[in-house]
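Participant: The amino acid sequence is not available; the structure is as follows:
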């Protein structure tokens with residue numbers, strides 16, 4: 001792959017990943033409730049989801065999904081239900097962390113929710129949209145040079161995606177933390193939960209209504 005083609009790929013995925021979506025919303029919410037450092041587990045879950053979808057697309061399962069309406073609908077509605085459940089949980093959650101407890105990282109929320117659950121949430125949200133699998137199946141071939149070994153090119157594409165997604169999603173987590181601290185100073189900490197919960201439900205509804 002030429003450096004010119006790589007820069008085109010980089011610009012495309014930066015635009016895609018920076019655009020807010022369910023994963024970005026999840027990282028913001030976890031950043032607000034658990035702090036940006038603990039939200040690295042959520043970010044890692046999203047990255048593993050992306051790598052899984054990349055591997056499945058490379059194995060040709062993206063084409064199978066494109067041809068199977070039943071499989072597409074099952075994955076789509078499972079992802080939609082999970083987003084709605086996240087929305088309900090966010091709506092009913094206690095107010096996000098205060099500045100003092102967030103810096104100390106000793107809140108009951110931190111003790112109650114282990115890192116593996118944050119990771120699992122990131123994984124489920126990342127893998128619950130069947131269009132992502134179709135997206136990787138359509139995107140990667142555009143940047144592959146048939147005269148060069150494909151495996152090394154796929155590795156470079158995947159590594160680039162991982163680095164960009166990791167940085168951007170951590171940025172969303174840090175923003176969520178800062179944003180909720182600002183709301184907390186205004187005495188509106190619970191407002192974040194209401195907005196995030198509503199956004200998750202809307203995202204779930206949009207996913208359920210999505211067509212290929």
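Facilitator: Everything's here; your move. Everything numeric here is computed off the predicted structure, so don't read it as measured data.

Participant: Point to the residue nearest the middle of the protein.
Facilitator: What sits nearest the mean C-alpha location of the chain, by CA atoms, centre = their mean, is residue 23, with 2.5 Å.

Participant: List the residues that contact that residue.
Facilitator: Applying CB atoms under 8 Å, 6 or more residues apart in numbering, we find residue 23 in contact with 46, 122, 125, 126, 169. Using the backbone N, CA and C atoms, a C-beta is placed for each residue, glycine as well.

Participant: Specify the residue positioned farthest from the middle of the chain.
Facilitator: residue 147 (33.4 Å).

Participant: Is that one in a helix, a strand, or coil?
Facilitator: coil (DSSP: H, G, I helix; E, B strand; the rest coil).

Participant: returning to what we had before: farthest pair in the contacts of residue 23?
Facilitator: With distances taken as CB to CB, the most widely separated pair in these is 125 and 169, at 10.9 Å.

Participant: Mind listing the shared neighbours of these two?
Facilitator: 23, 46.

Participant: didn't residue 205 look like it was pressed against residue 79?
Facilitator: No - using CB atoms under 8 Å, residue 205 makes no contact with residue 79, being 11.7 Å away.

Participant: if we can go back for a sec, ok, so what distance separates the residue farthest from the centre of the chain from residue 153?
Facilitator: Separation of residue 147 from residue 153 (CB to CB, to the nearest Å): 10 Å.

Participant: what does residue 138 give?
Facilitator: In terms of CB to CB, residue 138 sits 16 Å off from residue 153.

Participant: elements contacting the helix or strand hosting residue 174?
Facilitator: Using DSSP states H and E, residue 174 sits within helix 150-185. Applying 3 or more CB pairs under 8 Å, 6 or more residues apart in numbering; DSSP states H and E, one finds that helix 150-185 contacts helix 3-18, helix 22-34, helix 40-58, helix 99-104, helix 189-209.

Participant: pLDDT of that helix, averaged?
Facilitator: Averaged across helix 150-185, pLDDT comes to 88.
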